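[1] Sharing a model that was predicted from the sequence below.
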Amino acid sequence: MKSNLQSKLGAWALIAILMLGSTASTTGCSMTSNAQQIVNWTPVIDSALTELGGIASTLLPQDALIIQPLIAGLIVGQNLLSAQAKTYLANPGATTLQQLQAQALALQTNINAAVLASIRVSNPASQQAILTKLNAGLTGVSAILALIIGIKGSTLTPASVTAPKLSQVLPLLDERQSIALVAQHYGEPQFMAAYQVHRGESALLAAGL
């Protein structure tokens, strides 16, 4: 029991430091732990986007035209991010980190665009269901980006000057859902998850994402 508690406390401390956007050197065991946490978030994103595809198949025709064209790109982006996360875990270095950053930023941009597009969905229940899945996906990507910020040598910048910003989509999403997802993922109290979400968002906003 004590060992399990210490392990959880260690995970909380690490993610809290990373969510603060620490630029301290991350090498050896710490880098491996960081890379493993990034890999661990990819199934969360994959699940959310896969379930989003199921919701899209039930939409009214006019609503499906808004969301369905975006889903294929989101799934492809998640597959690329997942593969690159595993590549970085196996071979952490400047090149694989740069490639990981690029995939994470691209997926964040596409999810942000999907969130903004979902506003045009006419059915309120469908719109909320879509936003719930997109929020879960974005929470996972944001966690990955915050973890990347904590790696020495990372240089996160917006995917493009016209890329939708996090500040544009956060008011459309339920922060309580993000906090609950982080708490469940790390097996930690809600207050700790809330701290991580808030600090993570601050770090990403400060980076201009």
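    Yep, it's here.

[2] who's in contact with the most centrally placed residue in the chain?
    Closest residue to the average C-alpha location of the chain: Val141 at 1.4 Å, with Cα atoms, centre = their mean. Neighbouring residues of Val141 by Cβ atoms under 8 Å, 6 or more residues apart in numbering: 45, 81, 104, 107-108, 111. Any C-beta I mention is one placed from the backbone N, CA and C, and that applies to glycine too.

[3] buried ones in the helix or strand in which it is found?
    Secondary structure assignment for Val141, by DSSP states H and E: helix 124-149. Neighbour counts over helix 124-149 (16 or more other Cβ atoms under 10 Å) mark 126-127, 129-149 as buried.

[4] can you give me the helices in the chain?
    When secondary structure is read from DSSP state H, the chain shows helices at 2-19, 28-56, 61-90, 94-118, 124-149, 166-169, 175-186, 190-206.

[5] wait, which of these is closest to Pro158?
    Pro158 lies closest to helix 94-118 among the helices of the chain, at 7.3 Å (Cβ to Cβ).

[6] Just the buried residues of the closest one, please?
    Within helix 94-118, the residues that qualify as buried by neighbour count (16+ other Cβ under 10 Å) are 96-97, 99-101, 103-115, 117-118.

[7] relative to helix 61-90, how tilted is that helix?
    Counting by axes from the mean of the first three to the mean of the last three Cα atoms, to 10 degrees, helix 94-118 points 160 degrees away from the direction of helix 61-90.
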